[in-house]
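Chemist: Build the 3D model from these lines:
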Amino acid sequence: MIKYINETTKYLQDKGFESPEIGIILGTGLGQLIDEIDIIKEVSYNHIPNFPTATVEFHKGKLIYGELAGKKVVVMQGRFHLYEGYTLQDVTFPVRIMEKLGIKTLLVSNAAGAINLNFKKSELMLIEDHINLQGSSPLAFKGVEELGERFVDMSAPYDVEINSKFESIAKANNIKLHKGVYASVVGPQLETKAEYRMLKIIGSDAVGMSTVPEIIVANHLKLKVAAVSVLTDECDPDNLEPVNISDIIESAAKAEPDMITLFKELIKTL
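Modeler: Below is the predicted model:
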């Protein structure tokens, strides 16, 4: 993996990706942040050596380098998931590349279903903690200790100071920002009624199919990390209605302006 990381990093540096400070993973609900970036360079994933390729139709496939709120940023426009057939090492490879390029902070967005029934569609949730239900770890491979400490502390995986800034920005801009626990499952199928009940019992406030692997690797690399979910459906097992992906995308789009405000204003303070 070290060989691949070095090869990919050199390719991007040669393309002009110079010393970004902040990495951003644009999940569902933050795609339009691209419009706020002064783009310097962009490369399609399928042109980057050793990179996976996004296969989900509503996830773009570009790595973008530019300036946002006066900071140099490298942005993943589209992410990778276990349910696409990738390994956890594939899914998190871009985080390792962004760190090698120079980032010190990783900001992540995603779409999630609201398990906590006090949370409503198109609202936002600041992730305070998570539950990994993906069945493995992106650190569970031979030679991981060459890239960082094998036994990574996860007592506080999300940066408390950044989360506090997010809360202040939300308050100043009248944005409803819940706080909660994100459970990450494999997918791609949505959950059954019984699974939603289980997720509530074990302490989840929201559920999705991403983010946790990237957060684990970011902690492995000692990056500061924060993540925000856009809540795209309400997962009430006693009144469960069929959900389709177009509804999820529509709910995410409603929340997008608030998500963009949070991220832009935060980056000004970093």
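Chemist: Let me know the secondary structure of residue 130.
Modeler: For residue 130, the secondary structure call by DSSP: H, G, I helix; E, B strand; the rest coil comes out as strand.
Chemist: quick one: it from residue 215, how far?
Modeler: 7 Å (Cβ to Cβ, to the nearest Å). Using the backbone N, CA and C atoms, a C-beta is placed for each residue, glycine as well.
Chemist: again with residue 121
Modeler: For residue 121 relative to residue 215 (Cβ to Cβ), the value is 24 Å.
Chemist: now the strands: where do they sit in the stretch 51-200 of the chain?
Modeler: 62-68, 71-77, 105-114, 124-132, 177-184 (DSSP state E, counting those that start in this stretch).
Chemist: helices or strands up against the first one?
Modeler: Where contact means 3 or more Cβ pairs under 8 Å, 6 or more residues apart in numbering; DSSP states H and E, strand 62-68 is packed against strand 38-44, strand 71-77.
Chemist: now, of these, which is deepest in the fold?
Modeler: Of those, the one with the most neighbours on average (mean count of other Cβ atoms under 10 Å) is strand 71-77, at a mean of 22.
Chemist: For it, give me every contacting residue.
Modeler: 17-26, 31, 33-34, 37, 60-67, 94, 98, 101, 103, 267, 270 (Cβ atoms under 8 Å, 6 or more residues apart in numbering).
Chemist: Mind doing that once more with 7 Å?
Modeler: With contact meaning Cβ atoms under 7 Å, 6 or more residues apart in numbering, strand 71-77 is reached by 17, 19-26, 34, 37, 60, 62-66, 94, 98, 101, 103, 267, 270.
Chemist: Please pick the buried ones from those residues.
Modeler: 17, 20, 22-26, 34, 37, 60, 62-66, 94, 98, 101, 103, 267, 270 (16 or more other Cβ atoms under 10 Å).
Chemist: follow-up on the earlier one: hey, what's in contact with both of residue 130 and residue 215?
Modeler: Shared contacts of residue 130 and residue 215, counting by Cβ under 7 Å, 6+ apart, come down to residue 157.
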